[in-house]
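K.L.:
Fold the following, please.
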Amino acid sequence: MNINDMLSNDGFLINFDGTSKKHVLEELSKLAAKKLKLDSRTLLENLTRREKLGSTAVGNGVAIPHANVENIDKPYVFVTTLVTGLDFNASDDLPVDIVFLLVAPNTNGSEHLQSLALISRLLRNKELTSKLRGCKDTDAAFAVISQSIREEAA
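P.N.:
Sure, this is the predicted structure:
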């Protein structure tokens, strides 16, 4: 599995003007729920519950909130870049401006962990995150991620 299998062009919010972590999670929940035919409130509750266990900010301005849900067949990723970085309680105290939401089936815990590891590895690439921050639209962001994956595979 690679991240392109989890992404689609309608899974992006580029240059989103989020006002808080809660606002970002609400909008990502709505985006994911619409695409996956889920209840956005339930998804948001799952994400909020997970955030209470500990921040999903992984450093360098990146967060990977995640939740397991019923009635989906594979992991999905939704991406937002923020106009202004927000406090996600990151251990490095840097504001988060790139968020990759992972929504995975609750039937296979190892698939969820593998997906998280894949996303985390990808987002450690500072060139990728720098390019994502400069993207003005969904097509550009999708292309940047796809190119990074091709380079990593080579």
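
K.L.:
quick one: Lys136 and Asn15 touch, right?
P.N.:
Yes. Between Lys136 and Asn15 there is a contact under C-beta atoms under 8 Å: 6.9 Å. (C-beta placed from N, C-alpha, C; glycine too.)

K.L.:
So which of these two has more stuff around it?
P.N.:
Taking other C-beta atoms under 10 Å, Lys136 and Asn15 do not tie; Asn15 has more neighbours (14 against 10).

K.L.:
secondary structure class for that one?
P.N.:
For Asn15, the assignment made with DSSP: H, G, I helix; E, B strand; the rest coil gives strand.

K.L.:
Just give the closest residue to it, not the sequence neighbours.
P.N.:
Leaving aside its sequence neighbours, Asn15 sits nearest to Val83 (C-beta to C-beta, 6 or more residues apart in numbering; 5.4 Å).

K.L.:
Please state the offset of the host helix or strand of that neighbour from the chain centre?
P.N.:
Per DSSP states H and E: Val83 is located in strand 76-86. Distance of strand 76-86 from the chain centroid (C-alpha atoms, centre = their mean, to the nearest Å) equals 7 Å.

K.L.:
For the spatially most central residue of the chain, give the beta-bridge partners.
P.N.:
The centroid of the chain falls nearest to Phe100 when counting by C-alpha atoms, centre = their mean (1.1 Å). Phe100 forms beta bridges with Val79, as assigned by DSSP bridges.

K.L.:
ok, the nearest residue to Thr138 once chain neighbours are set aside - contacts?
P.N.:
Closest residue to Thr138 apart from its sequence neighbours, by C-beta to C-beta, 6+ apart: Phe12 at 4.2 Å. Residues near Phe12 by C-beta atoms under 8 Å, 6 or more residues apart in numbering: 78-80, 138, 141-142.

K.L.:
Dump the residues you listed to a markdown table, plus distance to Ser110, pLDDT and neighbour count.
P.N.:
Formatted as a markdown table, these follow (distance: C-beta to C-beta, whole Å; pLDDT from 0 to 100; neighbours: other C-beta atoms under 10 Å):
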| residue | distance to Ser110 | pLDDT | neighbour count |
| --- | --- | --- | --- |
| Phe78 | 21 | 97 | 24 |
| Val79 | 23 | 97 | 24 |
| Thr80 | 27 | 97 | 24 |
| Thr138 | 30 | 95 | 16 |
| Ala141 | 28 | 96 | 26 |
| Phe142 | 27 | 94 | 19 |
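
K.L.:
now the helix or strand that contains Arg150 against strand 76-86, angle please.
P.N.:
Assigned by DSSP H and E, Arg150 belongs to helix 138-153. Between the axes of helix 138-153 and strand 76-86, defined by axes from the mean of the first three to the mean of the last three C-alpha atoms, to 10 degrees, the angle is 110 degrees.
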